[in-house]
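Chemist: Below are the sequence and a predicted model; questions follow.
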Amino acid sequence: AELDTLDIIVLAAILLGTVAYFTKGKLWGVAKDPYASSLAAANGAKAGKTRNILEKMEESGKNCIIFYGSQTGTAEDYASRLAKEGKSRYGLETMVADLEDYDYDNLDAIPEDKVVMFVLATYGEGEPTDNAVDFYEFINGDSPQFTLDNEPALGNLNYVAFGLGNNTYEHYNIMVRNVDKALQKLGAHRIGEAGEGDDGAGTMEEDFLAWKDPMWKALAEKMGLEEREAVYEPVFGIVERDTLTAESPEVYLGEPNKTHLDGTPKGPFNAHNPYIAPIAESYELFNVKDRNCLHMEVDISASNLSYQTGDHLAVWPTNPGEEVDRFLNILGLTEKRKNVISVKALEPTAKVPFPTPTTFDAIVRYHMEICAPVSRQFLATLAPFAPDEASKAEMTKLGGDKDYFHDKINVHHLNIGRVLEIVGKGKKWSNVPFSAFIEGITKLQPRYYSISSSSLEQPKKISITAVVEEQRLPGRDDPFRGVSTNYLLALKQKQNGDPNPSPYGLTYEITGPRNKYDGIHVPVHVRHSNFKLPSDPLKPVIMIGPGTGVAPFRGFVRERRKMVENGQSVGKTILFFGCRKSTEDFLYAKEWEEAKQVMGDSFEIVTAFSRESGKKVYVQHRLKERSKEINELLEKKAYFYVCGDAANMAREVNNVLSQIISEERGVPEAKAEDIVKNMRASNQYQEDVW
Ligand code: FAD
């Protein structure tokens, strides 16, 4: 196809979106995704962008809106899936909406023949996601102000609710619970149950699937909808751009946005815009059998980035070449991988999740989470496009049978490329519209790492401590390997002189799009956290950080050590560290010795090696052994920190602390638990867990 008017609009929109983004960023410090919203911006610019949801629904003829509060993309993904299913199965006119794009004071004016869905993730310590903060404050406020004088205020509103949470955190699914409560109080009518997905138990996807079917049934009944055979309709159109090649300067080969494409990336650098940081130094902290742990330092001196001890570094990974090849091959796209395409939203309310024109190769390598777990529902969506009847039947079965899916796919950690290879016995899946993959596969997400350096000591260099992800699985010859950490390992190998790094046989486009990461760089941004040392350096601190959980505490200890070197006094600084063996995976052993030299009695490290004696000793056991002293420190208002494994360690440490308080202070367990809760509420107890 030739360059058509729509293409020009797309190009103009990218430019417009970028300009809007930077002005907005400057004026309000609010960052919006310049490229993802480019098409929406184009539509908005034409229609006059509104924050009035009712107006938006009416002008676009919608009767079902799905709001999402999302931090890592899962809630957003579920919202899109509900929109798609509502349309294809029930003929609803659906649209997905970011909670921060609208006002809520006229929720009361939405008539009874429409429905509003809320897909809400709970983040961190029971907080709303960044994009849901305003909505949450509004709806949970004492008396939210609406436009009409309805009594009750939301008596006309029909809604549906699903929450995404993690039961290892204290405030499990608090967002959906509180929003549901608030809506009920205002007289709104919930359809179906308020669903709750649990990431902690690893059942998020199944919880979602189990919740949505009865919800659809209830909704169909309430609104008098007829279920029909779901027919797939693509959300995105793919246009081949024959006049362009991968060498054309306007083609995105993995550059995240326009300023990167132009070769002059500008801040603010954030979750929508990475800084391509030079790697100053990288080495392995240990390397035993197949376990590797990396220490990597990135230089932020040439950027306007800053950080504080305890913040997180987000790393933007690229997919390994082998998985990119596998995916393109099984779709029959190998020949076309470098062909230039534009992707357009066929629906005015949909957003293209990457900048175009681009190539299939760049989309798959830089923008799609192709190695991630596969959704069961997605397999059902692909069934009609299977290469033969047998694979169609198999996909339908996998999509419909939870246990079968679990045994065949989940336990082997198969990704989408591998599933298609196995199910189709190697036949190409060339009938699947590429749009289905853009819709069905999440956007490649940055990975977070607790910063292990101190900003007092080195404000312009950030270090991270990462263990390379590997899991041996039944029924698979090759272990599962993590996306980001193996990419980091390859970068480390390259920096240390290997011209063609291939950790465990995996290769990466390590010099980045148009070799922009050569010399050697990694895309990153900084996320500020509340995990912080007390502002008073004399306050004692107790830190529990086994394994890579020690990362932020290396930063904390280096910070206090630097203070001592500067002539300041610091309070007792005690670190509980655990690993397998003192000779194997004892992270930063030498640095703790040096800290001791400088800090004397104010620093102490307590170690627990789980594989050195017959008995498995963990940090929580060591903590218990020091009950008396821990309690005394807490009475002196010591800060208590836990970092690392959320599933087991953090919870056990919490319980042990309750026991210590109960025994040492002679108070009942329930009372001790309340004391610990209050410590959390007042930030005396802080967690950085994953
Ligand atoms: P991924 O590819 O993302 O895989 C991670 C896991 O997801 C796998 O082990 C597996 O359980 C599951 N999974 C992935 N694909 C599939 C599949 N196809 N089927 C089934 N299951 C699958 N890590 C550190 O080492 N050091 C730190 O300091 C650190 N700090 C963190 C701080 C925060 C706030 C958070 C949220 C996380 C932190 N992490 C840290 C963890 C880190 O962000 C990454 O999750 C980790 O490095 C693995 O990333 P990866 O891309 O290599 O693995």
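Modeler: Ah, there it is.
Chemist: Need the residues that contact the longest strand seen in the chain.
Modeler: Counting residues, the longest strand found in the chain (DSSP state E) is strand 275-288. Judged by Cβ atoms under 8 Å, 6 or more residues apart in numbering, the contacts made with strand 275-288 from elsewhere in the structure are 260, 265, 267, 269, 292-300, 302-303, 305, 461, 465, 488, 491-492, 495-496, 512, 516-517, 519-525, 584-588. (C-beta placed from N, C-alpha, C; glycine too.)
Chemist: ok, now stretch 654-664?
Modeler: When contacts are defined by Cβ under 8 Å, 6+ apart, stretch 654-664 is touched by residues 620, 623-624, 627-628, 630-631, 634, 640, 642, 667-669, 671-673, 675-676, 685.
Chemist: The ligand contacts on the stretch 351-500 of the chain?
Modeler: Taking Cβ under 6 Å from any ligand atom as the criterion, the neighbours of the ligand within the stretch 351-500 of the chain are 371-373, 413, 415, 447-450, 465-467, 469, 471, 482-485.
Chemist: burial of the residue in the chain that the ligand sits nearest to, as a residue count?
Modeler: Using Cβ to the nearest ligand atom, the single residue of the chain nearest to the ligand is residue 482, 2.2 Å away. When neighbours are defined as other Cβ atoms under 10 Å, residue 482 has 18 of them.
Chemist: cool, and residue 58?
Modeler: By the other Cβ under 10 Å criterion, the neighbourhood of residue 58 contains 12 residues.
Chemist: That one sits in which helix or strand?
Modeler: Residue 58 is located in helix 53-59, with elements delineated by DSSP states H and E.
Chemist: May I have that helix exported as PDB, CA atoms only?
Modeler: What follows is helix 53-59 as a C-alpha-only set of coordinates in PDB (Å, rounded to 0.1, in the frame of the first residue of the first chain):
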ATOM      1  CA  ILE A  53     -17.500  10.100  30.400                       C
ATOM      2  CA  LEU A  54     -21.200  10.300  29.600                       C
ATOM      3  CA  GLU A  55     -20.500  12.700  26.700                       C
ATOM      4  CA  LYS A  56     -17.700  10.300  25.500                       C
ATOM      5  CA  MET A  57     -20.000   7.300  25.700                       C
ATOM      6  CA  GLU A  58     -22.800   9.100  23.800                       C
ATOM      7  CA  GLU A  59     -20.700  10.500  21.100                       C
END
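Chemist: I'd like to know which elements that helix is packed against.
Modeler: In this structure, helix 53-59 makes packing contacts with strand 94-98, judged by 3 or more Cβ pairs under 8 Å, 6 or more residues apart in numbering; DSSP states H and E.
Chemist: hmm, try it at 7 Å
Modeler: With contacts defined as 3 or more Cβ pairs under 7 Å, 6 or more residues apart in numbering; DSSP states H and E, there are no secondary structure elements packing on helix 53-59.
Chemist: What residues sit buried inside it?
Modeler: Of the residues in helix 53-59, those with enough neighbours to count as buried (16 or more other Cβ atoms under 10 Å) are 53, 54, 56, 57.
Chemist: Buried among the contacts of strand 275-288? Need that as a selection in ChimeraX.
Modeler: Selecting the buried subset of the contacts of strand 275-288 in ChimeraX, with 16+ other Cβ under 10 Å as the burial test, is done by:
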select :260,265,269,292,293,294,295,296,297,298,299,300,303,305,461,465,488,491,492,495,512,516,517,520,521,522,523,524,525,585,586,587,588
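Chemist: So which of the contacts of strand 275-288 are in helices?
Modeler: Here DSSP state H is the test, and the contacts of strand 275-288 give 260, 488, 491, 492, 495 as lying in helices.
Chemist: show me what contacts the third one?
Modeler: Shown in contact with residue 491 (Cβ atoms under 7 Å, 6 or more residues apart in numbering): 279, 282, 510, 520, 522.
Chemist: Show the pLDDT at it.
Modeler: Note on residue 491: pLDDT of 98.
Chemist: which ones among the residues of the stretch 351-500 of the chain next to the ligand are found in helices?
Modeler: The helices, defined by DSSP H, take in 483, 484, 485 from those.
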